[in-house]
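J.: No letters, just coordinates:
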């Protein structure tokens, strides 16, 4: 912790370590984003089909929340991965997340479609579609206040070494769920 007593003590005491720390964080983020992007790109054809869209309709973008690391507060969670988007009426993201308050890290997928009634119907059908894979206590789903539907897979520390397999597991499960509800496109107006 800071040794100085001035208001800028953290700046003074951490200056020699900032660049190394920033480079480590940047490399960690880049490698995580690359793993997620690779898993989604490898399954893009079946994912597009399960969503009910043509592959050419989907735009694949980087996903960061918050969108800039310098905006992160010590209590904020961080998410990074990729987002699939169709105009302004559908988006889904596959991403790694780190939650501070819950002390949780994992892989998640969110789905948002324009129209709250349609999103609620999609969420209900997808929740009824299938049980979570094993280990069942590592999975959960939730809807936020604006109706976005999330599927989350909590990672244990022993699973970090097999991160690519865990990301593939989440993407495959999402594709199976989408196929069971016959895609997202049918819920759009």
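T.: Thanks, I have the structure now. In this text, all values refer to a predicted model and were calculated from it rather than measured experimentally.

J.: got any ranges where the chain has weak pLDDT?
T.: Scanning the chain for pLDDT under 70 picks out the ranges 1-5, 7.

J.: residue nearest the centroid of it?
T.: Residue closest to the average C-alpha location in the chain (C-alpha atoms, centre = their mean): residue 95, at 2.4 Å.

J.: which residues pair with that residue across the strands?
T.: Counting by DSSP bridges, residue 95 is bridged to residue 81, residue 108.

J.: just checking, what's the longest helix in the chain?
T.: helix 9-42 (DSSP state H).

J.: After it, which helix or strand is next?
T.: Counting by DSSP states H and E, the next helix or strand C-terminal to helix 9-42 is helix 44-51.

J.: list the helices and strands that following helix packs on?
T.: Where contact means 3 or more C-beta pairs under 8 Å, 6 or more residues apart in numbering; DSSP states H and E, helix 44-51 is packed against helix 163-180. Every residue, glycine included, has its C-beta placed from N, CA and C.

J.: now the helix it packs on against helix 44-51, angle please.
T.: Interaxial angle, helix 163-180 versus helix 44-51 (axes from the mean of the first three to the mean of the last three C-alpha atoms, to 10 degrees): 30 degrees.

J.: Next, the angle from helix 163-180 to helix 9-42.
T.: Going by the same axes, to 10 degrees, helix 163-180 makes 50 degrees with helix 9-42.

J.: got the contact list for helix 163-180?
T.: 32, 35-36, 38-40, 42-43, 46-47, 50-52, 94, 96, 107-109, 126, 129-130, 132-133, 151, 153, 155, 159, 184 (C-beta atoms under 8 Å, 6 or more residues apart in numbering).

J.: Residue 108: neighbouring residues, count only.
T.: By other C-beta atoms under 10 Å, 21 other residues sit near residue 108.

J.: hang on, the earlier thing: check contacts around the residue nearest to the centre of the chain.
T.: Residue 95 neighbours (C-beta under 8 Å, 6+ apart): 36, 63, 65, 79-82, 107-109.

J.: For those, could you give me TSV that also reports distance to residue 56?
T.: Below are the contacts of residue 95 laid out as TSV (distance: C-beta to C-beta, whole Å):
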residue	distance to residue 56
36	22
63	20
65	27
79	27
80	26
81	22
82	17
107	27
108	26
109	22
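
J.: Could I have the ChimeraX command that selects the buried members from the residues you listed?
T.: Listed next is the ChimeraX selection for buried residues among the contacts of residue 95, using 16 or more other C-beta atoms under 10 Å:
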select :36,63,65,79,80,81,82,107,108,109
